[in-house]
Structure formats: C-alpha cells, structure tokens
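K.L.:
Need a 3D model of the sequence below.
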Amino acid sequence: MPKPEARFQTTGGIVTVEEPDFRAFKRYLDNLNSRDPERVPDMFTPKVIFEDSAWLTVMHGPDEIKEMLVSRWNAFPDLHFRVIEGPYATDDTSHMAVKMRLTGTMSGGLAPPGFDPTDGKVELDVASFYDFADDDRVKRGRVIFDTAYLAQQIGAMPSPNSLAMQADVVFQKVTAWWMRNRGPSLGGRLR
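P.N.:
I've put the predicted structure just below:
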C-alpha cells in the first residue's frame, strides 16, 4: 500500500504533520486478499450494508457479502486487490475512498449469472468507499467498476468494433424497429 499522504493540523500556532491510521483498511484488505470465507465476519459488522455494481442486490449483513465474495473467489481463485490510489480518509479515518486494481484468472464458473470459466486474465480498476465502525469493521461499503469492461474480458460481451459487436448492433436495430412498430411488450420477449 502506498504511503498515506500527510495531514496538516495546527495546534497553538505550531504546524504538525500527522499520518492517518489506516490499520482498519489494511486489515480489511489483507482479509479480502486472503480469499478465506471464514474471515468475512472479521471484515464486516452484523448490520453492514454493501453495494457492488456487479451484484444483483444491495447486501445486508456478512452472510450476503460472503455469498458474493465466495462466488468471485470460486471464479477467480487468484483474485487480488491492490491499492493504486489513496486511501483518502476523513480526519478520524472512519470514512475512506480508495482506488484499487483487481486482477485474477477466471478458472472457475461465475454464478450468478452462470458464466463458464475462460482461463482468461482480468484486470480492472475499482472505486471503493467505506465507512468503518469503532471496531474497525466495515459498516457500509460501495464498490463501483465498469461491468461492461469486465464482461468483455471474460468473453461475456463482445469487444468494441468486433464482428460480434456489429452483429449485436444489427440485432438491437431489429429489436428497436419491432418495439416501435409492435409495442414495447413484445420487445422484451426477443432477448
């Protein structure tokens, strides 16, 4: 993890430099990279609320987050998160933002939605926002990343300008014409 930026505080006219305490985040990151489901309760409070741009629902509680993480760890057994920018924190370090790079090899199936392994490498930047409780566990979190780019890397979506993407555009045009001329209720049945 890169050295955190120094914070300046004034005390009685004297400027001092203090480094924030990132132990809670470092512990969270170490647990995340361990890929050990038994560590999930050590990472999150019992009433945690967690959002992930690639998960179907907002997760409530460690058990729901564990389900999501186990799904990803099964699909990407070598999944690793590395800090590439930040963390940036409030003075008390209870709120943090960090940019991380996720890397891994899709050697297992990804469920949901049910993708088969490709043995392809993925590399993806994620923006993460965390609120930490007094016991250094995450009480609220949000992870945002480009799901379309991930889908392209695992073969679930065609790459831009590829023949497959051109075919998708033609299919969308036919669907759009059908929806305009036959009604939107039929358009959903074409997918």
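
K.L.:
could I have stretch 68-88 exported to CSV, CA atoms only?
P.N.:
In CSV, the C-alpha atoms belonging to stretch 68-88 read as follows (Å, rounded to 0.1, in the frame of the first residue of the first chain):
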residue,chain,number,x,y,z
MET,A,68,-20.9,-12.6,-3.2
LEU,A,69,-17.2,-13.0,-2.3
VAL,A,70,-17.3,-16.8,-2.4
SER,A,71,-18.8,-16.6,-5.9
ARG,A,72,-15.9,-14.4,-7.0
TRP,A,73,-13.2,-16.3,-5.2
ASN,A,74,-14.5,-19.5,-6.9
ALA,A,75,-14.5,-17.9,-10.3
PHE,A,76,-11.1,-16.2,-9.8
PRO,A,77,-9.1,-18.3,-7.3
ASP,A,78,-6.2,-16.0,-7.6
LEU,A,79,-8.2,-12.8,-7.2
HIS,A,80,-6.1,-10.0,-5.8
PHE,A,81,-6.8,-6.3,-4.9
ARG,A,82,-4.0,-3.8,-4.9
VAL,A,83,-4.3,-0.1,-3.9
ILE,A,84,-3.3,2.1,-6.8
GLU,A,85,-4.5,5.4,-5.3
GLY,A,86,-5.4,6.5,-1.8
PRO,A,87,-6.8,5.7,0.6
TYR,A,88,-8.2,9.1,1.2
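
K.L.:
Which residues outside it are in contact with it?
P.N.:
1-2, 4-5, 22, 25, 29, 32-33, 35, 37, 40, 52, 55, 59, 96-112, 115, 117, 122, 125-126 (CB atoms under 8 Å, 6 or more residues apart in numbering). In short, each C-beta sits where N, CA and C put it, glycine included.

K.L.:
just stretch 40-57 next, same as before
P.N.:
Taking CB under 8 Å, 6+ apart as the rule, stretch 40-57 contacts 27-28, 31-32, 58-62, 64-66, 68-69, 112, 133, 135, 137-145, 147, 150.

K.L.:
on that earlier part again, now list the buried members of the contacts of stretch 68-88.
P.N.:
Using 16 or more other CB atoms under 10 Å as the burial test, the contacts of stretch 68-88 include 4, 22, 25, 29, 32, 35, 40, 52, 55, 59, 96, 98, 100, 102, 104-106, 108, 110, 115, 122, 126 as buried.

K.L.:
picking up where we left off before, filter the contacts of stretch 40-57 down to the ones in helices?
P.N.:
27, 28, 31, 32, 62, 64, 65, 66, 68, 69, 147, 150 (DSSP state H).

K.L.:
ok, now which ones touch the fifth one?
P.N.:
Right, residue 62. Residue 62 sits next to 40, 41, 43, 44, 45, 46, 48 when contact means CB under 8 Å, 6+ apart.

K.L.:
So which of the residues you listed is surrounded by the most neighbours?
P.N.:
Most neighbours among the contacts of residue 62, by other CB atoms under 10 Å: residue 44, with 25 neighbours.

K.L.:
JSON lines please, covering the ones in helices among the contacts of stretch 40-57 and showing pLDDT.
P.N.:
Below are those laid out as JSON lines (pLDDT from 0 to 100):
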{"residue": "27", "pLDDT": "95"}
{"residue": "28", "pLDDT": "96"}
{"residue": "31", "pLDDT": "96"}
{"residue": "32", "pLDDT": "96"}
{"residue": "62", "pLDDT": "97"}
{"residue": "64", "pLDDT": "97"}
{"residue": "65", "pLDDT": "97"}
{"residue": "66", "pLDDT": "97"}
{"residue": "68", "pLDDT": "96"}
{"residue": "69", "pLDDT": "97"}
{"residue": "147", "pLDDT": "87"}
{"residue": "150", "pLDDT": "88"}
